[in-house]
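Enquirer: Provided below for reference: sequence and predicted model.
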Amino acid sequence: MKSDFADRYGPWALITGASSGIGEAFARQLAAEGLNLLICARRREKLDSLAEQLQQSHGVEVRPLALDIGKAGFMASLIEATGDLDLGLVVSNAGFGLKGPHIEQPPEALGAMLAVNARAPMLITQALGEQLTRRGRGGIILTGSMEGYMGFPLSAAYSATKGFVHFLGEALWQELKPHNVDVLILAPGSTDTEALSKQGFDKNQMSGVMSPERVAREALQNLGRRRIYMPGASNRFFTWLLSSLPRKWGLAMAEAGMRAAMRR
Ligand SMILES: NC(=O)c1ccc[n+]([C@@H]2O[C@H](COP(=O)([O-])OP(=O)(O)OC[C@H]3O[C@@H](n4cnc5c(N)ncnc54)[C@H](OP(=O)(O)O)[C@@H]3O)[C@@H](O)[C@H]2O)c1
């Protein structure tokens, strides 16, 4: 029997960044709800193996799509891959971060991050949002970050891309409401995924790191209920504190926190 969730957001979901971390957790949980999946990322082997597992364990159809969404023409491939699917849910989750002084970042890496974290969600929500509004039912989840609430020193460009995602999601929440399309901005704090080590952090030295399974589960529970959701009470408290302080103190505290995390 189909779940209420599948009735509302099925029969197909697209998940970007599904080869690991939070996106993989979304894929596992949506398959368990009975949704068919189009899972997208660059690493084909990871997608193939996840698709096989989910098809076997949940009897849903899972299509892997190996695609670099940082590349200029990626939307044409995505549109082609979604062409015959009745998409009810779009999870725009792929992203990555660069940490350290802004002036030391390689310009090509900054450009790639802007393309994946900001340009891709903008184009995906434009094209697939149009499909969702036409069918008059569905949802969009945009993975932002705790860093999307303010500029984070030593993560300047990453936090700016996530601020972009938060503004995009907030506006779409309002725009798409009359079309019966729910929008949720997911704003995770530190989550135990490949992203931590890729950014040079040691999860064993960090406190309050959440599991990607919990982050994805709470996001799905809050879709259709809220505009933005941040998993973790300590993340919510820290964000409230930073944004309640005079901005110059908040920025100094954010920088101190980032320096401490990078030293560990
Ligand atoms: N982990 C955290 O502490 C944390 C905190 C706040 C927000 N977030 C956000 O959560 C989202 C998921 O990250 P994660 O923590 O789950 O990290 P992750 O395990 O590194 O997952 C990132 C995903 O994005 C995909 N991706 C990266 N570049 C891509 C590209 N050019 N084209 C297509 N797919 C690409 C990766 O797949 P391939 O490498 O196979 O392409 C992978 O599936 C990101 O938007 C991240 O900014 C994470």
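Expert: Nice, I can see it.
Enquirer: okay, CA-based contacts and neighbour counts for the rest of this
Expert: OK.
Enquirer: which residues touch the residue lying closest to residue 194 once chain neighbours are set aside?
Expert: Nearest non-adjacent residue to residue 194, counting by Cα to Cα, 6 or more residues apart in numbering: residue 21, 6.5 Å away. Neighbour list for residue 21: 192-195, 212 [criterion: Cα atoms under 8 Å, 6 or more residues apart in numbering].
Enquirer: of these, which ones also sit close to the ligand?
Expert: Contacts with the ligand within the contacts of residue 21, counted by Cα under 6 Å from any ligand atom: 192-195.
Enquirer: and those residues, which of them are buried?
Expert: 192-193, 195 (16 or more other Cα atoms under 10 Å).
Enquirer: what about those residues, which are in helices?
Expert: Judged by DSSP state H, these include residue 195 as members of helices.
Enquirer: I'd like to know which of the buried ones among the ones next to the ligand among the contacts of residue 21 is nearest to residue 158.
Expert: Relative to residue 158, the closest of these is residue 195; by Cα to Cα it sits at 12.6 Å.
Enquirer: quick check: the closest one vs residue 17, distance?
Expert: To residue 17, residue 195 is 11 Å away according to Cα to Cα, to the nearest Å.
Enquirer: check residue 105 too.
Expert: From residue 105 over to residue 17 the distance is 23 Å, taken as Cα to Cα.
Enquirer: when the two are compared, which one has more neighbours?
Expert: More crowded of residue 105 and residue 17, by other Cα atoms under 10 Å: residue 17, with 27 against 13.
Enquirer: name the nearest residue to that one, ignoring sequence neighbours.
Expert: Among residues not flanking residue 17 along the chain, residue 94 sits closest, at 3.9 Å (Cα to Cα, 6+ apart).
Enquirer: where exactly do the strands run in the stretch 1-150 of the chain?
Expert: Secondary structure of the stretch 1-150 of the chain (DSSP state E, counting those that start in this stretch): strands located at 12-16, 36-41, 62-66, 87-92, 138-143.
Enquirer: can I get those in JSON lines including mean neighbour count, mean pLDDT and distance to the ligand?
Expert: As requested, these are arranged in JSON lines below (neighbours: other Cα atoms under 10 Å; pLDDT from 0 to 100; distance: least, Cα to the nearest ligand atom, whole Å):
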{"stretch": "strand 12-16", "mean neighbour count": "26", "mean pLDDT": "98", "distance to the ligand": "6"}
{"stretch": "strand 36-41", "mean neighbour count": "25", "mean pLDDT": "98", "distance to the ligand": "4"}
{"stretch": "strand 62-66", "mean neighbour count": "21", "mean pLDDT": "98", "distance to the ligand": "8"}
{"stretch": "strand 87-92", "mean neighbour count": "26", "mean pLDDT": "98", "distance to the ligand": "8"}
{"stretch": "strand 138-143", "mean neighbour count": "26", "mean pLDDT": "98", "distance to the ligand": "5"}
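Enquirer: dump these to CSV, plus distance to residue 180.
Expert: Output for the strands of the stretch 1-150 of the chain, formatted as CSV (distance: least, Cα to Cα, whole Å):
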stretch, distance to residue 180
strand 12-16, 16
strand 36-41, 21
strand 62-66, 26
strand 87-92, 11
strand 138-143, 7
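Enquirer: write out the residues of the stretch 1-150 of the chain neighbouring the ligand.
Expert: Near the ligand, when you scan the stretch 1-150 of the chain using Cα under 6 Å from any ligand atom, you find 17-23, 41-43, 67-70, 93-96, 116, 143-145.
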